[in-house]
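S.K.: missing the sequence, but the structure's below:
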């Protein structure tokens, strides 16, 4: 599960970095922005999805019927943080 969380976070940071470089950011600024944009949201989403999988299947066993449930839980989990960030700082996470 830890490996899945790390892979999800690394994939997201790499993808956002490449997108930002394509928008004329230099590499260092693109990497800093990618880490700052949505890191907390991504951690909460990854952890909640993996915990849902673990709870429903009794282990880290990805099965076809648990995937939709995991996606819904992962989608809903970061909403409170994103809402707070928008209201408090008028700043989106991504």
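M.R.: Yes, it's here. Everything quoted here is computed from the prediction, not taken from an experiment. Residues are numbered from 1 along each chain as shown.

S.K.: Give me the secondary structure label for the nearest residue to residue 62 once chain neighbours are set aside.
M.R.: Of all residues not flanking residue 62 in the chain, residue 53 sits nearest, at 6.2 Å (Cβ to Cβ, 6 or more residues apart in numbering). Every residue, glycine included, has its C-beta placed from N, CA and C. With DSSP: H, G, I helix; E, B strand; the rest coil as the basis, residue 53 sits in helix.

S.K.: Count the residues that sit near residue 53.
M.R.: 22 (other Cβ atoms under 10 Å).

S.K.: Over to the one 3 residues further on?
M.R.: Using other Cβ under 10 Å, residue 56 has 15 neighbouring residues.

S.K.: in what helix or strand does it lie?
M.R.: Element membership for residue 56 (DSSP states H and E) is helix 27-57.

S.K.: Going by contacts, tell me the helices and strands next to that helix.
M.R.: Applying 3 or more Cβ pairs under 8 Å, 6 or more residues apart in numbering; DSSP states H and E, we find helix 27-57 packed against helix 2-22, helix 67-76, helix 79-89.
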